[in-house]
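Asks: 3D model of this:
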Amino acid sequence: MKNVFGNNITVTLFGESHGEQIGAVLDGIAPGIEIDMEFICKQLELRKPQGKISTQRVETDEPHIVSGVFEGKTTGTPICILFENSNTKSKDYSKTKNLMRPGHADFTAIEKYHGFADYRGGGHFSGRITTPIVAVGAILIKALQNKGIYIGSHIQKCGPIKDRGFEDYASDIAELNNKIFPVLDKKAAEEMHGLMVSAAEEGDSVGGVLETVVTGIPSGVGEPWFDSMESMLAHALFSVPAVKGVEFGEGFHFADMKGSEANDAFEVKDGKVVTKTNHNGGINGGITNGMPIRFQTVVKPTASIYKKQETVNIETMENEILQIHGRHDPAIIPRARVVVDSMTAIVLADMLAVRFGTDWLLGEN
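Replies: The predicted structure follows:
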């Protein structure tokens, strides 16, 4: 029953969706790193519900840092961040607690925790628990930026609608990190938003694909086998609720290519070894090659929908029809963007600490 991720820099998650508080502990981070509360709150805003395409449950999400920070900087001891849950409606779940919601972890939670898990709002499995991930991620994103490393994600695809790809990494990442709805093309953004609203009106939901790019990452980070850059990122990304697929570079499109097309030719440019293309997403042999890391994350349609569904009553062991109530997102992918960015930062900070030591994040690049 593990809730800790990382090797040198670790994150521990705790709390339930309708519990009194949720939070995280960030351990292993170097002393002397500046804590920018304004930036943490800005990142948390990117995760908050937005209008008709999100749940109507809105929390203040004010972070309370209760340890590990003194006079605005990290002390080197564990940082504990807490958030209060105040806008809960637990009665929405009590009526259907024995009905296993399709697509949710209700049944698997009962199997693992023998019926003792908090079922309200999904409990410990809830997307609500991504709030402290974003807060912890914000600390590390800022530290990485001070070392010249930048992370940006956009909704590459939602249903049949596609966004344009990254063109100028620096400007596109800067633009995305200031957008609540992370889509680069204006027309695509309008069409995706309309699709999400339509799904909400139908009592249904939609998913999509996020594309993430990391620039400024040095070469030589990662291990050749079990702690490869791909495997560690995939480990973290698959921990995000609703993520069902991750691919790096061309991913599954490699199946349609020949080796002569898939290989990235090398050249010397401005005194550095670079590749002319980046089909492999900045990683060879599990180790970064200095090119931008690029990967895609598939986010499934939100499991909580208002349509009638077939299920079972786990108490009576009879088949039943379920129609859920409560407050749910018809599309979680816009809010998932900052969670993916945060998870990426957690992995990168940890792997950079393994490669260069925990003090590497100190100071400017």
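Asks: Report the secondary structure element holding the closest residue to Leu361 other than its chain neighbours.
Replies: Nearest non-adjacent residue to Leu361, counting by Cβ to Cβ, 6 or more residues apart in numbering: Ala143, 4.6 Å away. Any C-beta I mention is one placed from the backbone N, CA and C, and that applies to glycine too. Using DSSP states H and E, Ala143 sits in helix 130-145.
Asks: Can you get me the centre-to-centre distance for whichever helix or strand comes after that helix and its chain?
Replies: Past helix 130-145, further along toward the C-terminus, the next helix or strand under DSSP H and E is strand 150-158. Distance of strand 150-158 from the chain centroid (Cα atoms, centre = their mean, to the nearest Å) equals 11 Å.
Asks: Neighbouring strands of strand 150-158 in the sheet, and parallel or not?
Replies: Its sheet considered, strand 150-158 pairs with strand 161-162 (antiparallel), strand 208-215 (antiparallel) by DSSP bridges.
Asks: can you map out the helices along the protein?
Replies: Secondary structure of the chain (DSSP state H): helices at 37-47, 91-94, 106-113, 130-145, 169-176, 186-201, 229-237, 259-262, 333-356.
Asks: which stretch in those has the least confidence?
Replies: Within the helices of the chain, confidence is poorest for helix 91-94, with a mean of 67 (mean pLDDT).
Asks: Let me know the angle separating the helix holding Ala143 from strand 150-158.
Replies: Interaxial angle of helix 130-145 relative to strand 150-158 (axes from the mean of the first three to the mean of the last three Cα atoms, to 10 degrees): 130 degrees.
Asks: and Lys307, how many neighbours?
Replies: Here the number of neighbours of Lys307 (other Cβ atoms under 10 Å) works out to 11.
Asks: ok, now which ones touch the residue nearest to Ala105 when sequence neighbours are not counted?
Replies: Spatial nearest neighbour of Ala105, chain neighbours left out: Phe125 (4.2 Å); criterion: Cβ to Cβ, 6+ apart. The contact partners of Phe125, taken as Cβ atoms under 8 Å, 6 or more residues apart in numbering, are His104, Ala105, Ala109, Pro241.
Asks: Could you check how far the first one is from Phe181?
Replies: If you measure His104 against Phe181 using Cβ to Cβ, to the nearest Å, the figure is 26 Å.
Asks: can you check the last one too?
Replies: With distances defined as Cβ to Cβ, the gap from Pro241 to Phe181 amounts to 20 Å.
Asks: Among the strands paired with strand 150-158, show me which one is buried the most.
Replies: Among the strands paired with strand 150-158, strand 208-215 has the highest mean neighbour count (mean count of other Cβ atoms under 10 Å), at a mean of 23.
Asks: show me the contacts for Ile283.
Replies: Taking Cβ under 8 Å, 6+ apart, we find Ile283 in contact with Gly222, Ser228, Met229, Glu230, Phe248, Gly249, Asn289, Ile293.
Asks: which of the residues you listed lies closest to Pro330?
Replies: Distances from Pro330 to the contacts of Ile283, taken as Cβ to Cβ, are shortest for Phe248 (29.1 Å).
Asks: now that closest one, nearest residue through space, not along the chain?
Replies: That would be Gly281: by Cβ to Cβ, 6+ apart, it lies 4.1 Å from Phe248.
Asks: Any of the contacts of Phe125 buried? List them.
Replies: His104, Ala105, Ala109, Pro241 (16 or more other Cβ atoms under 10 Å).
Asks: Can you verify my assumption that the first one contacts Thr302?
Replies: No - the pair His104 and Thr302 does not pass the contact test of Cβ atoms under 8 Å, sitting 10.2 Å apart.
Asks: helices and strands of the protein: which one has the lowest mean pLDDT?
Replies: helix 91-94 (a mean of 67; mean pLDDT, DSSP states H and E).
Asks: ok, back up a step: rebuild the strands paired with strand 150-158 as a markdown table, extending it with distance to Ala174 and mean pLDDT.
Replies: Converted to a markdown table, the strands paired with strand 150-158 look like this (distance: least, Cβ to Cβ, whole Å; pLDDT from 0 to 100):
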| stretch | distance to Ala174 | mean pLDDT |
| --- | --- | --- |
| strand 161-162 | 22 | 98 |
| strand 208-215 | 11 | 98 |
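Asks: mind checking which of those strands is nearest Glu34?
Replies: So among the strands paired with strand 150-158, strand 208-215 is nearest, using Cβ to Cβ, at 21.4 Å.
Asks: Between helix 186-201 and the closest one, find me the angle.
Replies: Using the same axes, to 10 degrees: strand 208-215 against helix 186-201 is 140 degrees.
Asks: And the contacts of strand 208-215?
Replies: 149-159, 165-166, 169-170, 172-173, 192, 282, 292-299, 331, 333, 336-337, 340-341, 344, 348.
Asks: if we can go back for a sec, so which pair among the contacts of Ile283 is furthest apart in space?
Replies: Gly222 and Gly249 (14.3 Å).
Asks: thinking again about what came up before, output the contacts of Ile283 in TSV, with neighbour count and distance to Thr10 appended to each entry.
Replies: Below are these laid out as TSV (neighbours: other Cβ atoms under 10 Å; distance: Cβ to Cβ, whole Å):
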residue	neighbour count	distance to Thr10
Gly222	23	18
Ser228	17	19
Met229	27	18
Glu230	20	20
Phe248	19	24
Gly249	21	28
Asn289	24	27
Ile293	27	21
